[in-house]
Each structure stands twice: as structure tokens, then as C-alpha cells.
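Enquirer: Sequence first, then the predicted structure, then my questions.
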Amino acid sequence: MRYLMTFGHLAAYSHLFFDSATCFHGTPGVGKTTLGKELAIRTGLTYVNVGELAQEGQLYDGFDEEYQCPVLDEDRVVDELDEKMGEGGMIVDYHSCDLFPERWFHIVFVLRTDNTQLYTRLENRGYTGKKLQDNVQCEIFQIIYEEAMEAYQQEIVHQLKNNTPEDLEHNLERILQWTEQWMQDHN
């Protein structure tokens, strides 16, 4: 409630989102969860972290020994989300782009972080070795951005720099501006 009072002007825009869905993609550690949760608090939208959804529902199809993490059962994840997505008003947070139907999202944001900050964030999460290096290289080579450009219509994909708390505030404002423009263009 504190955010809705402090940022009431953002809550006034929530109607723009309720007929559609927004997606945050990016390398682990770029701030998808922080931004997605904050946007949900300020607008009243429903935030879904796909990793948490999979963990809660045990939507796995094995375990990756090399990266020491579970492997998603993508079909079960999509089935679990499909009905919710049809209702609109969703914010979806997941690093990969190729899992979701294009029809789900009206706007997609790929978050980016400077490599030195990303390295530190991932180390703080306990990433080491190949897992750490592969994720930093993924950011360096813009892999997720390129995947998003292939997975969705290019005009709905936007990159956001997300290094500082000031970037978070700026990104929230930009998201609302883009969404408002999209709604004007499509209504």
C-alpha cells in the first residue's frame, strides 16, 4: 500500500495492462524479479516468476548436472500459465524467450546489466565456474535480446539498462510510457 500511495500516478495507469501481458526476460541477475515485483505492487497487476511457479508445482523434467539446476517441463509450465494469461493483467518473469506463445505478450522487456555488476551479483548468488561464465557471456553477447527479437515481433521488444536503483525508477516510468503508447496504437 505504501507504493500505491507514494506512486499513485503509476496505479492510475494499471488499466492499460489489464487486457494484456508484459514479459521481462534477461540473464539471471539483471533485475527481472525486482522490477517485475515493483511494477506489480505499483499497478495491482499479477506477477508470476516462472522459476517459482515451476518449483511450487514441481514442473520439472529432470536435473542438469552440469549447471546444478532442475530442467523445466516446458509443456507443463505453458499449460499451467495458459488460462491465467488469457485473463490479462500479467507480468511474467523468466530468462528464456522461446518457451512462451507469442500471442501472450503485448510488450517484452529485456533487462541488461553491466558485466562487472552482473558478475558480482551472480557470485553473490553462489554461481561459480561454467554456470557463472556462461551467464556473463550470455549478457556480453546479447543472447537473450537476440532470442527475444526472433521470438516476438520486433516492435514489441525493448531493452532496458538496469544497473542502479535510479535505473529501476526510470525503467518503471518508461514501461508505463511504452504501454500507454501501445494501447493508443492498438485501440
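Expert: Okay, I see it.

Enquirer: What segments of this protein are helices?
Expert: Counting by DSSP state H, the chain has helices at residues 2-6, 8-11, 32-43, 50-57, 74-87, 115-124, 129-140, 143-151, 165-186.

Enquirer: can you list those helices in TSV and add mean neighbour count and distance to A21?
Expert: In short, each C-beta sits where N, CA and C put it, glycine included. As requested, the helices of the chain are exported to TSV (neighbours: other Cβ atoms under 10 Å; distance: least, Cβ to Cβ, whole Å):
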stretch	mean neighbour count	distance to A21
helix 2-6	11	21
helix 8-11	14	18
helix 32-43	21	12
helix 50-57	16	13
helix 74-87	15	6
helix 115-124	16	26
helix 129-140	16	24
helix 143-151	18	14
helix 165-186	14	11
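
Enquirer: Could you pull up the residues touching L160?
Expert: With contact set as Cβ atoms under 8 Å, 6 or more residues apart in numbering, L160 has these partners: L35, F109, V110, L111, R112, D167, N171, R174, I175.

Enquirer: CSV for those residues, including pLDDT and distance to V136?
Expert: Output for these, formatted as CSV (pLDDT from 0 to 100; distance: Cβ to Cβ, whole Å):
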residue, pLDDT, distance to V136
L35, 96, 20
F109, 96, 20
V110, 98, 16
L111, 98, 15
R112, 98, 12
D167, 97, 19
N171, 97, 21
R174, 91, 25
I175, 90, 26
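
Enquirer: In this protein, where is pLDDT below threshold?
Expert: Counting by pLDDT under 70, the low-confidence segments of the chain come to 1-19, 183.

Enquirer: Would you check that H25 makes contact with A148?
Expert: Yes: with contact defined as Cβ atoms under 8 Å, H25 reaches A148; the gap is 5.5 Å.

Enquirer: Mind listing the shared neighbours of these two?
Expert: With Cβ under 8 Å, 6+ apart as the test, H25 and A148 both reach C97, V108, V110.

Enquirer: just these now: which is nearest R42?
Expert: Set against R42, the nearest of the shared contacts of H25 and A148 by Cβ to Cβ is V108 (19.3 Å).

Enquirer: how near is the closest one to T22?
Expert: Distance, V108 to T22, using Cβ to Cβ, to the nearest Å: 8 Å.

Enquirer: do T116 as well
Expert: Taking Cβ to Cβ as the measure, T116 falls 28 Å from T22.

Enquirer: List the beta-bridge partners for the residue nearest to the spatial centre of the chain.
Expert: Nearest to the geometric centre of the chain sits F24, at 1.9 Å (Cα atoms, centre = their mean). Listed by DSSP bridges, the beta-bridge partners for F24 are D93, F109.
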